[in-house]
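Trainee: Could you work out the structure for the sequence below:
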Amino acid sequence: MSSSEWRPEDDDRPSEDPLEALRDEFEDVKKTAEELRDGARDAAIDEAGR
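Mentor: Down below sits the predicted model:
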C-alpha cells in the first residue's frame, strides 16, 4: 500500500458502528462503571449537604 492510499485508522470521521463509536469515545476512561457511579453519588451527597 502506498502512503497516499486511504486507511481506516487514518479516518477521523465517526464510526458507522455505534458500539465502536462508544468505545472510541470512552477509550481513555480507566474507572469501572461502579467506580464512576460511586463517585457521582458521593459528589451529589456532598453538594446536597452544602
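
Trainee: Next one: residue 30 from residue 36, what distance?
Mentor: To residue 36, residue 30 is 10 Å away according to Cβ to Cβ, to the nearest Å. Yep, even glycine has a C-beta here, placed from its N, CA and C like the rest.

Trainee: Of those two, which one has the most company?
Mentor: Applying other Cβ atoms under 10 Å to residue 30 and residue 36 shows that residue 36 carries more neighbours, namely 11 against 6.

Trainee: quick one, phi/psi of that one?
Mentor: Residue 36 adopts backbone torsions of phi -70, psi -40, taken as degrees, to the nearest 10.

Trainee: so who does it touch?
Mentor: Neighbouring residues of residue 36 by Cβ atoms under 8 Å, 6 or more residues apart in numbering: residue 29.

Trainee: what pLDDT does it get?
Mentor: At residue 36, the model reports a pLDDT of 94.

Trainee: From the contact counts, what lies against the lowest-mean-pLDDT helix or strand in the chain?
Mentor: Scoring the helices and strands of the chain by mean pLDDT, DSSP states H and E places helix 18-25 at the bottom, with a mean of 89. Where contact means 3 or more Cβ pairs under 8 Å, 6 or more residues apart in numbering; DSSP states H and E, helix 18-25 is not packed against any helix or strand.
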